[in-house]
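Engineer: Need the 3D shape of this:
(4 chains)
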Number of protein chains: 2
Amino acid sequence: MAGKRITKQKRIILEVIKNTNSHPTADWIYEQAKKQLPDISLGTVYRNLKLLASVGEIMELNYGSTYSRYDGVTENHYHFVCRNCGTIYDLDIDAVDLNKTVASKINGKVEYHRLEFYGTCCQCQ
Amino acid sequence: MAGKRITKQKRIILEVIKNTNSHPTADWIYEQAKKQLPDISLGTVYRNLKLLASVGEIMELNYGSTYSRYDGVTENHYHFVCRNCGTIYDLDIDAVDLNKTVASKINGKVEYHRLEFYGTCCQCQ
DNA sequence: TGAATTAATAGTAAATATTACTATTAACAG
DNA sequence: CTGTTAATAGTAATATTTACTATTAATTCA
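Structural biologist: Modelled structure (predicted):
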């Protein structure tokens, strides 16, 4: 049964994600975790990120690039992605209320939606 | 100067994408193109997909999986992704009008946004 | 508290999607 | 038709992520 034991590795990985608002990559999380646990393995980071995402502790963001980013904030919120520097900003706007509309359109079940805005951030323009 | 010449390869790749509404992967496009041009290279498919996307002839959809899908319909529209079978459905709903709100929130420039709904399609439930 | 059990790990290899490289081919201008 | 060079085929390389396996350590329970 996976996800049963609370290991040092899992605890530190979660701590790293929860203590940043930078939407980090797996590799950045790995580098940070190594500061506390020099022998931690990248595979362990990936395994735990997947696990934590599956139980809803964190969110995986795989938008607009070849690699994933992770978000310790799991409340539904939207993002702005700068096409120049790649920075992801959190947006504090009300949730779009279209899930029911879509569900009836496609005659299926809508579980959640994702909304991203793309452009140039104030640093870059 | 790239994108200058209209090659058989480029023409066929574009034709394949425009003649389907299945949001295909690069590999599927490659397989289809091979039927007309058996010696076409996968690298050529990727190069042209990138080129066609950069001039706005097609759209690249890199959401929710480790690979990209492509869309020959470039008018802004939304998608529903089935988490079970992976099928992407086009949605015919009005555009969300939030670009200006977001632009003022982040004090940047918003060029476009993307909106995806996730759930279970009628085939799968 | 101290073994026994087995989930989780480190380290490495493999898989997958995509991009880079290079000699050759072919689109197109003159 | 011919010269120029953009684009190609084929292959190698890159990057991210997953799989594999012997070993380690978290938890159970006597």
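
Engineer: Count the residues that sit near A:I6.
Structural biologist: 9 (other CB atoms under 10 Å in any protein chain shown). Where you see a C-beta, it was placed from the backbone N, CA and C, and this is true even at glycine.

Engineer: where does chain A dip in pLDDT?
Structural biologist: In the predicted model of chain A, no residue satisfies pLDDT under 70.

Engineer: Quick check: residues of it near DNA strand C?
Structural biologist: By the criterion of CB under 7 Å from any atom of the strand, the positions of chain A lying close to DNA strand C are A:1-5, A:7, A:9-10, A:37, A:39-44, A:47-48, A:66.

Engineer: Contacting chain B as well, which ones from the residues you listed?
Structural biologist: When contact is defined as CB under 8 Å from any CB of the partner chain, these meet chain B at A:T66.

Engineer: Can you check which helix is longest in chain A?
Structural biologist: Using DSSP state H, we find that the single longest helix of chain A is helix A:42-54.

Engineer: Check which helices and strands that helix sits against.
Structural biologist: With contacts defined as 3 or more CB pairs under 8 Å, 6 or more residues apart in numbering or on different chains; DSSP states H and E, the packing partners of helix A:42-54 are helix A:8-18, helix A:26-36, strand A:59-61.

Engineer: what sits against A:G119?
Structural biologist: A:F80, A:C82, A:R83, B:A103, B:G108, B:K109, B:V110, B:E111, B:Y112 (CB atoms under 8 Å, 6 or more residues apart in numbering or on different chains).

Engineer: That one falls within a strand, correct?
Structural biologist: Yes. Using DSSP: H, G, I helix; E, B strand; the rest coil, the secondary structure at A:G119 is a strand.

Engineer: What residues does the residue nearest the centre of chain A make contact with?
Structural biologist: Centroid-nearest residue in chain A: A:Y70, 2.6 Å away (criterion: CA atoms, centre = their mean). Contacts for A:Y70 were tallied using CB under 8 Å, 6+ apart; they are A:I17, A:H23, A:P24, A:T25, A:A26, A:I29, A:L49, A:A53, A:I58, A:M59, A:E60, A:L61.

Engineer: Buried subset of those as a ChimeraX selection?
Structural biologist: Buried members of those, defined by 16 or more other CB atoms under 10 Å in any protein chain shown, are picked up in ChimeraX with:
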select /A:17,23,24,26,29,49,53,58,59,60,61
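
Engineer: so which of the contacts of A:Y70 are also by DNA strand D?
Structural biologist: Among the contacts of A:Y70, the residues that sit close to DNA strand D (CB under 7 Å from any atom of the strand) are A:T25, A:A26.
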